[in-house]
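Enquirer: Provide a 3D model corresponding to the input given below.
(one chain, ligands or ions: 2)
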Amino acid sequence: MIGLERAINIKSPAEIAIMREAGRINAQTLEAVKAAIAPGVTTGELNEIAETFQSKLSVYSPFKNYGGPYPYPASICTSINEELVHGIPGKRKLKEGDIISVDCGTVYQGFVGDSAFTVGVGEITPEAQKLIAVTRHALEIAIRLMVPGNYSGDIGAAVEAYVEGQGFYCTHVYTGHGVGRNMHEEPQVPNYGKPGTGVRLRAGMTIAIEPMVLVGTRHTRVLNDEWTVISRDRSLCAHQEHSIAVTDEGPLVLTDL
Ligand code: MF3
Ligand code: CO
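Expert: Ligands and ions are numbered 1, 2, ... in the order given. So this is what the prediction gives:
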């Protein structure tokens, strides 16, 4: 894994301080979106809220126009019910009982913050509540392991063991990732793995950890819009993400308020 480790951008304390600010602004953006989530609101309106908030602060989302040959067309991802990640905001109205994940990034002074949450719209089923709670706890488990000397495989293994112990599944296709001047950097951090394998964590690594959890299967497919990822059995999905800095003082969550 020597080659891979050389490709990892180690951040200085000054760079991590900028990333903390990028992450804070990202958290504020997500808070503004979360406050608007209610039955009848469209996902396009949620995207507008994020864009208005970010433009007032002269920051922007790295999601907009990301990738090719079908550049991502919005600043946030809104993924409802059986949608796991990368749902495109539009005219769809939220309704009572839906669950929605909102994923957003912020570029501030050249550095990216990347984070996502899943919440219910009004009253949701006990199964949906459990799914969201398990996904949040999976992220907490992962964060605690983000210390120098641990391996990326330790994190994936712990996340998957916990999620499967709760009767749910982790995708093996979409992963967490290094984050910095680019939204996606080395290393990849899957939500599965073998302890003691992968990349050895060290201080200055900044990584977006993102458990993506499915109720009925680990398998997914991509819709014809070329972006929206759904569970193959159309069971409910949830997603929680934080960008984390590995430091000698322990994990530093960059993308909370
Ligand atoms: N948080 C997602 C990720 O880490 C956001 C990417 S959506 C995209 O991959 F459209 F920008 F690709
Ligand atoms: Co991410």
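
Enquirer: pLDDT (mean, whole number) over the helix or strand containing Ala245?
Expert: Using DSSP states H and E, Ala245 falls within strand 242-247. For strand 242-247, mean pLDDT is 98.

Enquirer: again, but for stretch 51-64
Expert: Mean predicted lDDT for stretch 51-64 stands at 98.

Enquirer: Kindly check the end-to-end length of it for me.
Expert: In stretch 51-64, first residue to last residue: 10 Å (CA to CA, to the nearest Å).

Enquirer: Counting neighbours, which bits of it end up buried?
Expert: Across stretch 51-64, burial judged by 16 or more other CB atoms under 10 Å covers Glu51, Phe53, Gln54, Val59, Ser61, Pro62, Phe63, Lys64. For glycine as for every other residue, the C-beta is placed from the backbone atoms N, C-alpha and C.

Enquirer: Does the third one lie in a helix or a strand, and which?
Expert: When elements are assigned from DSSP H and E, Gln54 belongs to helix 43-56.

Enquirer: And the next helix or strand past that helix?
Expert: Heading C-terminal from helix 43-56 (DSSP H and E), you reach strand 76-80.

Enquirer: so what strands line up beside that following strand?
Expert: Using DSSP bridges, the strands paired with strand 76-80 are strand 99-108 (antiparallel).

Enquirer: is ligand 1 contacted by the strand it pairs with?
Expert: Yes. Interface with ligand 1: strand 99-108 contributes Asp103 (CB under 6 Å from any ligand atom).

Enquirer: got the angle for the next helix or strand after that strand vs strand 76-80?
Expert: The first helix or strand that comes after strand 99-108 along the chain, using DSSP H and E, is strand 111-120. For strand 111-120 against strand 76-80, the angle by axes from the mean of the first three to the mean of the last three CA atoms, to 10 degrees is 20 degrees.

Enquirer: Can you give the distance of strand 111-120 from its chain's centre?
Expert: 5 Å (CA atoms, centre = their mean, to the nearest Å).

Enquirer: tell me the average confidence for the helix or strand sitting right after it along the chain?
Expert: Next along the chain after strand 111-120, taking DSSP H and E as the criterion, comes helix 126-144. Helix 126-144 shows a mean pLDDT of 98.

Enquirer: For the protein, what lies in contact range of ligand 2?
Expert: Asp114, Ala208 (CB under 5 Å from the ion).

Enquirer: Mind doing that once more with 6 Å?
Expert: Asp114, His177, Ala208, Glu210, Glu241 (CB under 6 Å from the ion).

Enquirer: Which single residue of the stretch 151-257 of the chain approaches ligand 2 most closely?
Expert: Ranked by CB to the ion, the top residue of the stretch 151-257 of the chain for proximity to ligand 2 is Ala208, at 4.1 Å.

Enquirer: Just checking: what are the partner strands of the helix or strand that residue falls within?
Expert: Per DSSP H and E, Ala208 falls inside strand 206-209. Paired neighbours of strand 206-209 in the sheet (DSSP bridges): strand 176-178 (antiparallel), strand 242-247 (antiparallel).

Enquirer: And the very next helix or strand once past the last one, what's buried?
Expert: It stands for strand 242-247. Going down the chain from strand 242-247, the next helix or strand is strand 250-253, by DSSP H and E. Across strand 250-253, burial judged by 16+ other CB under 10 Å covers Pro251, Leu252, Val253.

Enquirer: wait, the last one sits on Ile143?
Expert: Yes. Counting by CB atoms under 8 Å, Val253 touches Ile143, with 6.5 Å between them.

Enquirer: Give the residues shared as contacts by these two.
Expert: His242, Ile244 (CB atoms under 8 Å, 6 or more residues apart in numbering).

Enquirer: quick one on the thing from earlier: got the CA coordinates for the strand holding Ala208 in CSV?
Expert: Taking Å, rounded to 0.1, in the frame of the first residue of the first chain, the C-alpha atoms of strand 206-209 are listed here in CSV:
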residue,chain,number,x,y,z
THR,A,206,-8.7,14.3,6.4
ILE,A,207,-11.4,11.8,5.4
ALA,A,208,-15.1,11.9,4.7
ILE,A,209,-16.7,8.9,6.4
